[in-house]
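1. quick one, fold the following:
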Amino acid sequence: MAQHPITASRAPKKEPEKDLIPIAMVRAMIGIAVLSLVIVAYSVLTNRPHVGVPEAGKIVAEREVILEDVDSQHVIVRNADGSVLVDMPDGGFVNVVGAALARTREVQRVTGNPPVRIVQYDNKRLTLEDPVTGWSAELYAFGEDSKAAFERLLAMK
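-> Purely as a prediction, here's the structure:
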């Protein structure tokens, strides 16, 4: 049965949908992306030096170690020959760096657990370098306590 046009319920007027992201915000994001591209292009085209890259130094001490992850906190640090250098049930920063190294190796499909190098340079840089993947971590950048953990490993006999 048809309803009379006067008594038929009318559909509510649809209001225009509000943008989830305001158009001004979208334009600002595009502007930032374009500005970043312009800055990078300028830097490359003018051969500007890489100011964020640490200066090269001479190696004053280095040691090859194997970081063996036991669980989320426990790490065993071995000499390159496989002998135990130190067993750290609460590995702290050493374990965190070991986890980052393991992830990098997993992504690059490295099999086994080859040694890495702890390297001290004459300009006070301390790094962990993985010759297999080319990955490295600037250990001095994580604070004195974190740096000291690897300095102790470097000094152990």
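
2. which residue is the nearest non-sequential neighbour of residue 85?
-> In space, and not counting its chain neighbours, residue 85 is closest to residue 77: 4.7 Å by Cβ to Cβ, 6 or more residues apart in numbering. Where you see a C-beta, it was placed from the backbone N, CA and C, and this is true even at glycine.

3. and the residue most central in space within the chain, how far from residue 30?
-> By Cα atoms, centre = their mean, the chain has its centre lying nearest to residue 100, at 7.6 Å. Using Cβ to Cβ, to the nearest Å, we find residue 100 at a distance of 33 Å from residue 30.

4. kindly report the same for residue 51.
-> Look at residue 51 and residue 30: by Cβ to Cβ, they are 27 Å apart.

5. same drill for those two, tell me which one is more crowded.
-> More crowded of residue 51 and residue 30, by other Cβ atoms under 10 Å: residue 30, with 10 against 6.

6. and that one, how close does it get to residue 20?
-> From residue 30 to residue 20 the distance is 16 Å (Cβ to Cβ).

7. over to residue 62?
-> Taken as Cβ to Cβ, the span from residue 62 to residue 20 is 54 Å.

8. in what helix or strand does residue 146 lie?
-> Take DSSP states H and E as the rule and residue 146 turns out to sit in helix 144-155.

9. which secondary structure elements does that helix sit against?
-> strand 59-69, helix 93-107, strand 116-121, strand 126-129 (3 or more Cβ pairs under 8 Å, 6 or more residues apart in numbering; DSSP states H and E).
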